[in-house]
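Novice: Dropping the sequence and predicted coords here.
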Amino acid sequence: MISIKDWFHEHILLSEEEEDAEVLLQRAAAVLLCEIMHADHEIDAAEKVTILEAMQNFLEMSAADARRLYHEVQTLMQDVLSLQQFTSLLNEHYDEEKKIELLGWLWRVVYADGQKDAYEEHLVRKIADLLYIRHSDYILTRNRVANIE
């Protein structure tokens, strides 16, 4: 069985010549967004559209790069062992405001299909905890997104 550290280095971390920190952060955030989509074991087209929108707006990627990363992450997710490997990277580089913005996009993925599934909600709570987001910010962000959607 492959260790988390080995998996992370094999699938996420490439040499500095190949990638910079921004690409690693984009990939880590994209994995979290896609994990929410898979939480209820139903992949909805609206969720995919929301993830691509998040990649373009939150991660500041072109539409083509967002599609490429989306497909890359779908392949990588087959071997994901722990969300902590991604959230720890984001914790090192994202400030509180950026993490809350990501949380908002996670909630948008949850609400994209018109339903808030208990598995999705549980996973968002887990990710928020791993990102050290205060519970009050978690609630405020959830309510703000729920009222928009």
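Specialist: Done, it's in. Note that the structure is a prediction, hence the values are computed from the model and not measured.

Novice: Pull the residues that contact the longest helix seen in the chain.
Specialist: Across the chain, the longest stretch assigned as helix under DSSP state H is helix 21-39. With Cβ atoms under 8 Å, 6 or more residues apart in numbering as the test, helix 21-39 has contacts from 12-13, 43-44, 47-48, 51, 54-55, 58-59, 61, 69-70, 72-74, 76-77, 80, 83, 86-87, 89-90, 93-94, 102, 105-106, 109-110, 117, 119-120, 122-124, 127. (Glycine included, C-beta is placed from N, CA and C.)

Novice: for the record, mean pLDDT for that helix?
Specialist: Helix 21-39 carries an average pLDDT of 91.

Novice: List the buried residues in it.
Specialist: By neighbour count on 16 or more other Cβ atoms under 10 Å, the buried set for helix 21-39 is 23-39.

Novice: Inside helices: which ones of the contacts of helix 21-39?
Specialist: Going by DSSP H, the helices hold 47-48, 51, 54-55, 69-70, 72-74, 76, 86-87, 89-90, 93, 102, 105-106, 109-110, 119-120, 122-124, 127 from those.

Novice: Please spell out the ChimeraX selection for the buried subset of those.
Specialist: Remark: buried members of the ones in helices among the contacts of helix 21-39, expressed as a ChimeraX selection using 16+ other Cβ under 10 Å:
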select :47,48,51,54,55,69,70,73,74,76,86,87,89,90,102,105,106,109,110,120,123,124,127
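
Novice: Find the centremost residue of the chain, please.
Specialist: Of all residues in the chain, the one closest to the mean position by Cα atoms, centre = their mean is residue 32, 2.3 Å from it.

Novice: Now do the contacts for the residue lying closest to residue 87 once chain neighbours are set aside.
Specialist: Excluding the flanking residues, the one nearest residue 87 by Cβ to Cβ, 6 or more residues apart in numbering is residue 130, at 3.8 Å. By Cβ under 8 Å, 6+ apart, the contact list for residue 130 reads 83, 84, 87, 88, 91.

Novice: Quick one: buried ones out of those residues?
Specialist: 83, 87.

Novice: Need the contacts of residue 130 in a markdown table (columns: pLDDT and distance to residue 146).
Specialist: Shown next, in a markdown table, are the contacts of residue 130 (pLDDT from 0 to 100; distance: Cβ to Cβ, whole Å):
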| residue | pLDDT | distance to residue 146 |
| --- | --- | --- |
| 83 | 88 | 23 |
| 84 | 90 | 27 |
| 87 | 95 | 23 |
| 88 | 93 | 28 |
| 91 | 96 | 26 |
